[in-house]
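Q: Please work out how this folds:
(chains A and B)
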Protein chains: 2
Amino acid sequence: MSAAKFFEDYDRRQTQLLHEFFEFLRIPSISSEPEYRRDVLRCADWVENFLRDSGLAVERWEGEGYPVIFAERLLSPDYPTIMIYQHYDVQPVDPVSEWLSPPFEPTVRDGQVYCRGAQDNKGHCYASLAAVRALLQLQPDLPVNIKLLVEGEEESGSELLTRLLTQKQDKLRADAIAVPDVGVTSLKTPSITLGTRGMVSLTVHLHGSNTDLHSGMVGGIVYNPNRAIAEMLASLYNADGSVAVPGFYDSVENLSDEEVNRLSLEFDEERFKRVFEAEPTGGELAYPPLSRAWIRPTLEINGVGGGYTGSGFKTVIPAHAVAKISARLVPNQNPEAVALGIKNFLLSKTPPGIRAEIEIHPGHGEPLRTSANSSIAKIASQAISESCGGIPCGAILCGGSIPVISKLAKASGAETVFMGYGLDTDQIHAPNEHFGLDRLRLSFATIGRMIELFGK
Amino acid sequence: MSAAKFFEDYDRRQTQLLHEFFEFLRIPSISSEPEYRRDVLRCADWVENFLRDSGLAVERWEGEGYPVIFAERLLSPDYPTIMIYQHYDVQPVDPVSEWLSPPFEPTVRDGQVYCRGAQDNKGHCYASLAAVRALLQLQPDLPVNIKLLVEGEEESGSELLTRLLTQKQDKLRADAIAVPDVGVTSLKTPSITLGTRGMVSLTVHLHGSNTDLHSGMVGGIVYNPNRAIAEMLASLYNADGSVAVPGFYDSVENLSDEEVNRLSLEFDEERFKRVFEAEPTGGELAYPPLSRAWIRPTLEINGVGGGYTGSGFKTVIPAHAVAKISARLVPNQNPEAVALGIKNFLLSKTPPGIRAEIEIHPGHGEPLRTSANSSIAKIASQAISESCGGIPCGAILCGGSIPVISKLAKASGAETVFMGYGLDTDQIHAPNEHFGLDRLRLSFATIGRMIELFGK
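A: Here you go, the predicted model:
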C-alpha cells in the first residue's frame, strides 16, 4: 500500500465520509459551558458508535466530567502498538454575531467547511476515526496494535482523562502516540511538530463594593475596580514586553544552536500583516516572533471586563471587575510555581480598598518536547511527505498547548509526535473557524499511511 | 397654606397617586438603548397627557431624539415665573440578573418601591407633576407663573433639548429654575444643592487584528489589545490618585474658605463602609472624600471589556478591546478642552501595532454653581425645612452631573437650585434602584410648598 491507496479509498467514499463528518460537526459539544452538557454527551455517543461499528473493542470511561472513549484492536503482544489521541469537544462560539454562517451548521465556501470544530479538532478527529476504519477494512491483518483515545474535555482542562491516567495505565501503554491536533505553516512546507507549550490559567476577581456605584456621586471617593484591574494587569509587563512577574523566566530551557537550527523559524511578516491585519509588536521584543511563540514562555490577558461597555453610556463605578489570564510554558518551567508566582504578584499589586480573589484553574499542563530522531517522528514525517507529493517534511514547534498530552506520554511510556494540517488562518477558537476539505482528505491519507508504516 | 396642606392632600389621594406613579414606572423608558424607542415615546405621551389633564398648556417639542414635553400656566407677565426641570427617561438595567424583582415592575418592600427610575428620576418627576396639579386645584389664583420642562434624554446626553435652547429661549425664560433630581446626605440633615459637576465622556476602541487570535499560536507575537487597554487606562492615574492627563487641573476653581465652610463636608466613613462595603481609597488622596467628589474634578473608567470573561476559559487574544471613561468637571474647566486632552493623552499612549479610535461623546455639560443667597435657594430651603418638620436646611454640592442644566440656566437667565430626597443607598444607575414612599410624599409637599412660597 501507499498514501495513494488511502486517497483512492477516500475519493471512492467521499459522499459517505462528508455526510458523517458534517453529522459530527453539527453536535455543539462545548465542554466549558454547562448548558451544552447533553450535546457533549451526545457527541461522546457518536464517537463510541462510530468506533464500535468500525470493529474496534470500545470502552466508555466515565466519571465526573465527560466520557473518554477508548478503542483498541489488539492482534498480538509481539506487534508494535500505536495510539492516536483525539478530542471530540470544541471551544465556545462567542461572539456569535460575527459568524457568517451558524456556528454549528457546517457550510462549505470555496472548498472550506465553516463550523466550530471544523479544524480544532473534529476535522483531525474524524480523519483519524475514518482512516483507522479504512485501514482495518483494507489490511485487516496488518501486524500492528491500534489504540484510539478520544476525550471530551481538551478545551476545558482534560480533568477526567488526567484522573484516569494512573487507573488506566495498562490500557494506555503504547510504543508511540500520534496527536493529530496541530498544524503546518503552509501546505507547501509540511512539517511534524516536536513539541507544544504548557499552560496555566487564572481568573482574577476584584471587588470594590457591594453594589454598582454612581460615578458622579462617589467618583473620586472609592477605588474603581476598573482602575485597579487596569493597573494590576499593566504591572504584569515590562516596557520591553517581557513578563514582570518575579521568577517567571527562572527555569526556562535554553535550546542548543543545533536544536534551534533544526526548526523552521522563518516568520513571514508580510503575510502575517496581510492575513490578520496585525503586527508582531507584542511579547519579548528581544526575540524574533516565532521564538517568542515557540521557545519562550508568554503571558496573555484572555479577557478583561468591568462596568458597562454596551451602546450608549452608563455612569457607573462597577462593584466588580474580572480578568482571565494564561501563561504558556516551555520545558523546565514548573506550572504550579508559575501560576502561584502570578497569583502572588497580582495580590501584591492589589490596591487598598479592593479585595482580590484569584483562582488558579485546575488542568494546567506541562510543556512537551520530542526528539526528531524518535521512530514515530521519522515515520510520521515519511507519511506526511508521501501524502504531500514528496515534499520533504520539516520540524516546527507549536505555541499552543494540549495540557494532558505530556501527562499521557508519561503514563503511556510512549514517544509522542504532534501533527496535523491546521493553518493559522483557520480561525480556531474564533468566529468562522474553518478547515479545507482538501486537508480533511490529506489528514485521512496521512494518518492511514502512518499507521501502515508503523506496522511494517 | 403650608407644607401641611400638601401632606393632607397627598394622604387623601394616596391610592390614586400611587396607581399613577406605578403606571409611570412600568414604562421602560431607557433612552440610551435604541430597542426601547417605542417605550420612551410612550412615556413621553404619558407625561404629555398628565400635564394636559392637569389644566396646563402643553407643547410637545420634537426633533431627532426624544420629545421634550413643555407645559405652562401663565397668569400675568407681572407675576414671578418658576420653572421645574424634569426628565422621564431612565438608565439601562444591566446586569438584569442582580435585580431581586423585575426592573420595570414596581415592587414595594419595607416602604421602598423598587424599580428602575423609582428615584432617578421618575420619583421626583412624578412628585413634581402631581404637586403642580394639586397646587392648581388648591390655589388656582396663586400669583405665580408655572412652567414644567420634562425631557427624555437626560440619561443619554440631552441632545434635543440642547439643540432647542436657542429656538425656544422665549418659552424658557423664568426667574428661577428648580431641579428636583438630586438628594440629601440623610433625611435628618436635609439640604439644598448649590451645584453639580459637569461631565465629558469618551469611548476608546482598540483594534489589534481583524479576528480573534489563538493565545497559544500567536501568544507573544502580537500586542494583545487587552494588554494595551490595561496599560493605557493605568497611565491615566498618578500614584497619589490624581489624574495624569496634562492640563487636567489647570483651570480648576479654588473655593474661598467661606464657601468651603458653608458646605456640609463631613463624611461618615463608618456608615459608608457599612452601607457599601467600600472604602474611600480612590481619587486624589490629598483631599478629604467629599471634597474629592464635590469640589475636585475626577476621571473614572465606567467600563472596560475585551476577550472572554464568561464561565470556563477561552484561550483567545481578542481582535478588539473597549473602554468607556468619563470625567466630572468643576467650575472654570472647559469640557471640550478636557475631553480633547484625555483623547490626545490616550492616543499618545497607544502602543505600536494597536490602532485606537477614540470618540468624544456629544452632550457633555458644564459644571454649575448657585449662590446660597439667591431667592430660589432661600425659598427652596424654607420649603424643605417646613416639610422636614422644621429641621434647618443645609447646603451641599452634588458630585453628579445634569449636563443640560447649566446650558438651560444660561438660556433661561434664571437662578437655578437643585433639590431632592435621593439617598446614596438608593442604587440609582445600579440593580435594585429604589425610593421610599415617605420620600415621594415629602417631595410632593416640598415642591408644592416651594411654588406656593414663590408666588407670595
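
Q: going forward, measure contacts between C-alpha atoms and count neighbours the same way
A: Fine.

Q: which parts of the helix or strand bottoming out on mean pLDDT in chain A are buried?
A: Every helix and strand in chain A was compared by mean pLDDT, DSSP states H and E; the lowest is helix A:257-262, with a mean of 85. For helix A:257-262, the neighbour count (16 or more other Cα atoms under 10 Å in any protein chain shown) marks no residue as buried.

Q: Any idea how far that helix is from the middle of the chain?
A: Distance of helix A:257-262 from the chain centroid (Cα atoms, centre = their mean, to the nearest Å) equals 25 Å.

Q: do stretch A:226-241 as well
A: For stretch A:226-241, the separation from the chain centroid amounts to 27 Å (computed by Cα atoms, centre = their mean).

Q: Quick one: list the elements packing against the helix or strand encompassing A:Val179.
A: Assigned by DSSP states H and E, A:Val179 falls within strand A:176-180. When contacts are defined as 3 or more Cα pairs under 8 Å, 6 or more residues apart in numbering or on different chains; DSSP states H and E, strand A:176-180 packs onto strand A:81-87, helix A:122-138, helix A:375-387, strand A:415-419.

Q: and of the ones you listed, who's closest to chain B?
A: With Cα to the nearest Cα as the criterion, chain B lies closest to strand A:415-419 of the helices and strands packed on strand A:176-180, at 14.3 Å.

Q: Now do the closest one and helix A:122-138, the angle between them.
A: Angle of strand A:415-419 versus helix A:122-138, following axes from the mean of the first three to the mean of the last three Cα atoms, to 10 degrees, is 120 degrees.

Q: Comparing the helices and strands packed on strand A:176-180, which comes out most buried?
A: Burial of the helices and strands packed on strand A:176-180 is given as mean neighbour count (mean count of other Cα atoms under 10 Å in any protein chain shown); strand A:415-419 ranks first at a mean of 27.

Q: and for that one, what are the contacting residues?
A: With Cα atoms under 8 Å, 6 or more residues apart in numbering or on different chains as the contact definition, strand A:415-419 has outside contacts at A:175-183, A:191-195, A:370, A:374, A:376-377, A:380, A:409.

Q: Using the three-state scheme, assign the residue of the stretch 1-150 of chain A found nearest chain B.
A: Using Cα to the nearest Cα, the point where the stretch 1-150 of chain A gets nearest to chain B is A:Ser32, with a distance of 5.2 Å. Three-state assignment for A:Ser32 (DSSP: H, G, I helix; E, B strand; the rest coil): coil.

Q: got the contact list for it?
A: Residues near A:Ser32 by Cα under 8 Å, 6+ apart: A:Gln91, A:Pro92, A:Glu153, A:Glu155, A:Ser156, B:Ser311, B:Gly312, B:Phe313.

Q: Tell me the pLDDT of it.
A: In this model, A:Ser32 is scored at 93, pLDDT.

Q: Quick check: next helix or strand after the least confident helix or strand of chain A?
A: For helix A:257-262, the succeeding helix or strand toward the C-terminus, using DSSP H and E, is helix A:269-276.

Q: can you list contacts of the very next helix or strand once past that following helix?
A: Per DSSP H and E, the first helix or strand lying C-terminal to helix A:269-276 is helix A:289-294. Contact with helix A:289-294 is made by A:196-197, A:265-267, A:280, A:283-284, A:298, A:330, A:397-399, B:216-221, as judged by Cα under 8 Å, 6+ apart.

Q: one more time with 10 Å
A: For helix A:289-294, the surrounding residues in contact (Cα atoms under 10 Å, 6 or more residues apart in numbering or on different chains) are A:195-197, A:260, A:263-269, A:280-287, A:296-298, A:328-330, A:396-400, B:215-222.

Q: Emit the ChimeraX select command for whichever of these are buried.
A: This is the ChimeraX syntax for the buried subset of those, where burial follows 16+ other Cα under 10 Å:
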select /A:195,196,197,263,265,280,281,282,283,284,285,296,297,298,328,329,330,396,397,398,399,400 /B:215,216,217,218,219,220,221,222
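
Q: what helix or strand does the nearest residue to A:Gln169 once chain neighbours are set aside sit in?
A: Ranked by Cα to Cα, 6 or more residues apart in numbering or on different chains and with sequence neighbours excluded, the top spatial neighbour of A:Gln169 is A:Ala411, at 6.0 Å. Per DSSP H and E: A:Ala411 is located in helix A:403-412.

Q: The stretch 101-250 of chain A: helices as residue ranges?
A: Applying DSSP state H, counting those that start in this stretch to the stretch 101-250 of chain A gives helices spanning A:122-138, A:159-167, A:169-172, A:225-234.

Q: and stretch A:302-320, how far out from the chain's middle?
A: Relative to its chain's centre, stretch A:302-320 lies at 31 Å (Cα atoms, centre = their mean).

Q: nope, stretch A:322-338 is what I was after
A: With Cα atoms, centre = their mean as the basis, stretch A:322-338 stands 15 Å off its chain's centre.

Q: can you check stretch A:127-144 too?
A: 26 Å.

Q: Please apply the same query to stretch A:61-79.
A: Stretch A:61-79 sits 21 Å away from the centroid of its parent chain (Cα atoms, centre = their mean).

Q: sorry, back to before: average pLDDT for the strand holding A:Val179?
A: Averaging pLDDT along strand A:176-180 yields 97.

Q: Stretch A:114-121 now?
A: Here stretch A:114-121 scores 98 as its mean pLDDT.

Q: Take that stretch, keep the C-alpha atoms, and write them as CSV.
A: Provided in CSV are the C-alpha atoms of stretch A:114-121 (Å, rounded to 0.1, in the frame of the first residue of the first chain):
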residue,chain,number,x,y,z
TYR,A,114,-17.0,26.6,8.2
CYS,A,115,-18.1,25.3,11.6
ARG,A,116,-16.9,25.4,15.2
GLY,A,117,-14.6,22.5,15.5
ALA,A,118,-14.1,22.1,11.7
GLN,A,119,-10.4,22.1,12.3
ASP,A,120,-9.9,22.1,16.1
ASN,A,121,-10.3,19.2,16.3
